[in-house]
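J.: pasting the structure only:
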């Protein structure tokens, strides 16, 4: 029997961190998936996770775990697939470490991903974006910081991890204001900034004060801004902005919705999907294509460029006597007099 614990430790400390050099956010997501799996397996097998063996994590148990996520935890198909991807990554790692378990591993790798609904991306209109960006009042330290964060998150189309990971030396204000973004998969991209965004950032730097951490944005304790911290700030200003723009009440606004809104604004202005892909730092153009389905102007160009077929003219004639009598002018006049 093969003890599971040392291999899980090696997977996170060696495979993910050193070999694949995955981001901290991805490692946290994988760790959360394994925490859920080990808790489920422990309850099912009545064995503590530290004493569990690799042979006990077989395909039927993984399938039961995935079903548990959807039924007991009410996870959607996409969340279920994320957990399964973490398990499969670990099993690929184990293929070469424990060849004797290859048959068991292949059964787990054969578990299919579940198809997910392909919905339109959620985004905000120009009026909703403006109301949100106007919500912070730059009259104190927090208001100046929040205005700068919201402007930068939208203008640069940042993921929340990219926003919170920005450092002071990533920001350049001369000669042309720009920001160096450390994106997903350790890909960097340099983005120019609007003048209004630059003004908001200059105001923040003027009041930021002496801080011991290198991150650009910090919380009230002068520690690096966290993902949950920014999500809390965003939610607060969405409620404030909804007072002037009630349509925000019907929308669930997350940091990624700001990223989607930025992408659609760029697509609307340039009509160039490649520029959107470069701005957002997508690894594949296929990822960027989701925005063409949400932008009606792209379809409108195709509609206007095409010639519509002729519509056959004609007038409806009632063939039934009862229908004809109900539609006759004399009947309509009687009806109007009776009213």
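T.: Arrived safely, thanks for sending. Fair warning: this is a prediction, and the values are worked out from it, not measured in the lab. Residues are numbered from 1 along each chain as shown.

J.: quick one, helices of the stretch 101-250 of the chain?
T.: Secondary structure of the stretch 101-250 of the chain by DSSP state H, counting those that start in this stretch: the helices cover 102-109, 126-134, 141-156, 160-164, 195-208, 227-242.

J.: okay, the ones you listed in CSV with mean pLDDT, distance to residue 54 and mean neighbour count next?
T.: Using the backbone N, CA and C atoms, a C-beta is placed for each residue, glycine as well. Formatted as CSV, the helices of the stretch 101-250 of the chain follow (pLDDT from 0 to 100; distance: least, C-beta to C-beta, whole Å; neighbours: other C-beta atoms under 10 Å):
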stretch, mean pLDDT, distance to residue 54, mean neighbour count
helix 102-109, 95, 8, 15
helix 126-134, 95, 49, 18
helix 141-156, 96, 43, 22
helix 160-164, 92, 32, 22
helix 195-208, 95, 50, 16
helix 227-242, 95, 33, 17
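
J.: of these, which is nearest residue 294?
T.: helix 126-134 (14.5 Å; C-beta to C-beta).

J.: show me what that closest one is in contact with.
T.: With contacts defined as C-beta atoms under 8 Å, 6 or more residues apart in numbering, helix 126-134 is touched by 124, 147, 150-151, 154, 237-238, 241-242, 244-245, 247-248, 251, 253, 258, 261, 265.

J.: returning to what we had before: quick one: which of the helices of the stretch 101-250 of the chain is nearest residue 274?
T.: It's helix 141-156; of the helices of the stretch 101-250 of the chain, that one is closest to residue 274 (C-beta to C-beta) at 17.6 Å.

J.: helices and strands around the closest one, which ones?
T.: helix 126-134, helix 160-164, strand 178-182, helix 195-208, helix 227-242, helix 255-270 (3 or more C-beta pairs under 8 Å, 6 or more residues apart in numbering; DSSP states H and E).

J.: now with 7 Å?
T.: Packing contacts for helix 141-156, counted by 3 or more C-beta pairs under 7 Å, 6 or more residues apart in numbering; DSSP states H and E, involve helix 126-134, helix 160-164, helix 195-208, helix 227-242, helix 255-270.

J.: circling back: quick one: which of the helices of the stretch 101-250 of the chain is nearest residue 309?
T.: helix 126-134 (35.1 Å).

J.: burial count for residue 111?
T.: For residue 111, the count of nearby residues is 15 (other C-beta atoms under 10 Å).

J.: actually residue 174, not the one I wrote
T.: 6.

J.: what's the distance between it and residue 180?
T.: 14 Å (C-beta to C-beta, to the nearest Å).

J.: out of the helices and strands packed on helix 141-156, which is closest to residue 47?
T.: That would be helix 227-242 among these, by C-beta to C-beta, at 33.1 Å.

J.: other residues contacting that closest one?
T.: With contacts defined as C-beta atoms under 7 Å, 6 or more residues apart in numbering, helix 227-242 is touched by 131-132, 135-136, 146, 149-150, 160-161, 163-164, 219, 248-249, 253, 255.

J.: and what of stretch 101-117?
T.: 2, 54-55, 58-59, 62-63, 77-78, 80-81, 84, 87-88, 91, 94-95.

J.: contact partners for the nearest residue to residue 183 once chain neighbours are set aside?
T.: Nearest residue to residue 183, sequence neighbours excluded (C-beta to C-beta, 6 or more residues apart in numbering): residue 281, at 3.9 Å. Applying C-beta under 7 Å, 6+ apart to residue 281 gives the contacts 181, 183-184, 187, 189.

J.: cool, and residue 264?
T.: 123, 291, 294-295.

J.: ramachandran coordinates for the nearest residue to it once chain neighbours are set aside?
T.: Nearest non-adjacent residue to residue 264, counting by C-beta to C-beta, 6+ apart: residue 123, 5.2 Å away. Here is the backbone geometry of residue 123 (degrees, to the nearest 10): phi -150, psi 170.

J.: for residue 123, give its distance to residue 129.
T.: 9 Å.
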